[in-house]
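In: Pasting the sequence and the predicted model now:
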Amino acid sequence: MATSSKTNRTTRKLLWTLFWCVLAFVYLFPYTWMVLTGFRHGVDTISMPPRFIFEPTLAGFKHLFEVTGFQKYIINSAVVTIVSVVLVIGVSAPAAYALAHVSRRGGALLVAILIARIIPAIAIGVPVYLIATRLHQLDTYQALVVINVAVNIPFAVWLMRSFFMEVHPTLREAAISDGCSEWQVFTKIMLPLVLGGMLATAVFVFIGVWNEFLFALILTTSVSPTAPLAMLGFRTQYGVQWDAVGAAAFLVSTPVIVFAFIMQRYLVQGMTMGSVK
């Protein structure tokens, strides 16, 4: 009987292991295929049946840096993303704190924030373009930063408010009673307690801004295009440069993966705040 029970546990363990291996393969296969595309010749990518054994090459990366100057677009993305994330968190954190602990009439504002978040980006594309044209801000970092900040603030405020709500209001009341100002309560008590949530929000905003495509397409031409937009240039009248596309996709996705990996501890901490009472 004991032997049979042990055999059943071993069988279940093997089945679960097999299940997770298959699931990991399904989820990782697109990224793996993308990486392989960056390190092989274009003819190997479109061959049928697909070639998993091939002669590696760096021709795609060489084309990116020596012919197209792709590093410029990576720098553009980095500048826009870093500035946007800093501004979004800097504006959203005080607003989220106020909505969670200070204001008692923020219901209408929260509904407005939610509505602003669910409006499709394409719906405001034309007005944004016209405003940028009137202000002579087309093809500038400023235009991309402003629109990315405006689009991501509703999401950041909504998310960070939930983290601030997890902090018991008696902490604020005790600090106020001890003579702390509202700003001191926010900076010295609340921020340290919701640091994980704030960093989790920063990760999501970073991913959203880094991968943003539509407004970069609308607002930029030659000076400040971002890396996702620059990848359109690899589809020409002569075909798709698959090796360059794979190399560019690898370079564009790597910063997001590295950033998320570095911040994973805070990301898990922030997303599980309030799960245990």
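Out: Received the coordinates, thanks.
In: C-alpha from now on. contacts and neighbour counts both.
Out: Noted.
In: Model confidence for the residue positioned nearest the centre of the chain, exactly?
Out: A centroid search over the chain (C-alpha atoms, centre = their mean) returns Ile207, at 1.1 Å, as the residue closest to the centre. Note for Ile207: predicted pLDDT of 89.
In: That one reaches Val256, doesn't it?
Out: Yes: Ile207 sits in contact with Val256 when judged by C-alpha atoms under 8 Å, with a separation of 6.3 Å.
In: what about Gln137, distance to Val245?
Out: In this view, Gln137 and Val245 are 30 Å apart by C-alpha to C-alpha, to the nearest Å.
In: And those two? Which one has more around it.
Out: Comparing Gln137 with Val245 by other C-alpha atoms under 10 Å, the one with more neighbours is Val245, at 23 against 16.
In: Does the closest residue to Ser222 other than its chain neighbours belong to a helix, a strand or coil?
Out: In space, and not counting its chain neighbours, Ser222 is closest to Asp139: 7.0 Å by C-alpha to C-alpha, 6 or more residues apart in numbering. The local conformation at Asp139, judged by DSSP: H, G, I helix; E, B strand; the rest coil, is coil.
In: surely Asp139 meets Ile218?
Out: No: using C-alpha under 8 Å, Asp139 is not in contact with Ile218; the gap is 9.1 Å.
In: and Ala132, what is it in contact with?
Out: Shown in contact with Ala132 (C-alpha atoms under 8 Å, 6 or more residues apart in numbering): 138, 143, 219.
In: about what we covered before: what strand or helix carries the residue nearest to the centre of the chain?
Out: If you go by DSSP states H and E, Ile207 is part of helix 195-210.
In: what mean pLDDT would you report for the following helix or strand past that helix?
Out: Sequence order places helix 214-219 as the next helix or strand after helix 195-210, per DSSP H and E. For helix 214-219, the mean per-residue pLDDT is 90.
In: Only C-alpha atoms, please: export helix 214-219 in CSV.
Out: Presented in CSV, the C-alpha positions along helix 214-219 are these (Å, rounded to 0.1, in the frame of the first residue of the first chain):
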residue,chain,number,x,y,z
LEU,A,214,1.1,54.8,-31.9
PHE,A,215,2.1,58.3,-30.6
ALA,A,216,5.7,57.8,-31.7
LEU,A,217,4.3,57.2,-35.2
ILE,A,218,2.0,60.2,-35.0
LEU,A,219,4.4,62.7,-33.4
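In: Could you list the buried residues of it?
Out: Residues of helix 214-219 classed as buried by neighbour count (16 or more other C-alpha atoms under 10 Å): 215-219.
In: neighbouring contacts of the next helix or strand after it?
Out: Using DSSP H and E, the next helix or strand after helix 214-219 towards the C-terminus is helix 227-230. Defining contact as C-alpha under 8 Å, 6+ apart, one finds that helix 227-230 is touched by 70, 73-74, 76-77, 211-213, 216-217, 252.
In: okay if I get those residues as CSV plus distance to Leu23?
Out: Below are these laid out as CSV (distance: C-alpha to C-alpha, whole Å):
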residue, distance to Leu23
Phe70, 34
Tyr73, 34
Ile74, 32
Asn76, 36
Ser77, 32
Asn211, 25
Glu212, 28
Phe213, 29
Ala216, 34
Leu217, 35
Val252, 25
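In: Selecting buried members of the residues you listed in PyMOL, what would you type?
Out: Per 16+ other C-alpha under 10 Å, the buried members of these correspond to this PyMOL selection:
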select buried, resi 70+73+74+76+77+211+212+213+216+217+252
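In: Let me know the secondary structure of Pro127.
Out: Following three-state DSSP, Pro127 is assigned to helix.
In: quick one: the helices in the stretch 51-200 of the chain?
Out: In the stretch 51-200 of the chain, the segments counted as helices under DSSP state H, counting those that start in this stretch are 59-63, 70-97, 107-118, 125-134, 141-165, 169-177, 182-184, 191-193, 195-210.
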